[in-house]
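# Okay, here's the prediction I keep looking at, along with the sequence it came from:
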Amino acid sequence: MIAPANPAAHAQLQRLKECNRPAVTFVLDGRPAQAFAGDTVLTAVLTQMRQLRINEFSQQPRAGFCLMGACQDCWVRLADGQSLRACQTMIEPGMHICTQPAGTEGAA
């Protein structure tokens with residue numbers, strides 16, 4: 001099997017429209033990434049990877065649920081430790097988003 005040329009091919013979301021908005025660069029789990037102006041953090045992450053985070057209690061992958069901030073399923077952290085709801089927060093240039101539980105970065 002040949003690996004896809006686009007690493008986002010294994011992403012949860014595939015962008016089909018509105019690809020002409022300005023690009024926003026950010027850092028996702030220590031790696032450079034791009035989204036579009038007007039994207040939520042949830043959209044920005046799920047266009048890069050298959051899951052938003054691993055649930056700290058069940059250890060199961062999560063990708064957001066209600067998309068309106070009620071279910072508490074989309075919490076991620078910024079590099080400074082601040083937690084935010086990915087479905088209600090707009091992506092901003094230079095954001096450093098951590099989807100791994102605190103203290104597990106770099107763990108294999």
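Here it is on my side, so go on.

# For this structure, which helix or strand comes out least confident on mean pLDDT?
strand 61-62 (a mean of 81; mean pLDDT, DSSP states H and E).

# correct me, but residue 84 touches residue 41?
Yes. With contacts counted by CB atoms under 8 Å, residue 84 reaches residue 41, the gap being 6.8 Å. No exception for glycine: its C-beta is placed from N, CA and C like everyone else's.

# Who has more neighbours out of these two?
Just comparing residue 84 and residue 41: by other CB atoms under 10 Å the higher neighbour count belongs to residue 41, 26 against 15.

# where does the more buried one fall, phi/psi-wise?
Backbone torsions of residue 41, given as degrees, to the nearest 10, read phi -60, psi -40.

# Neighbours of the nearest residue to it once chain neighbours are set aside, how many?
Using CB to CB, 6 or more residues apart in numbering and skipping residues adjacent in sequence, the residue nearest residue 41 is residue 86, 4.0 Å away. Using other CB under 10 Å, residue 86 has 25 neighbouring residues.
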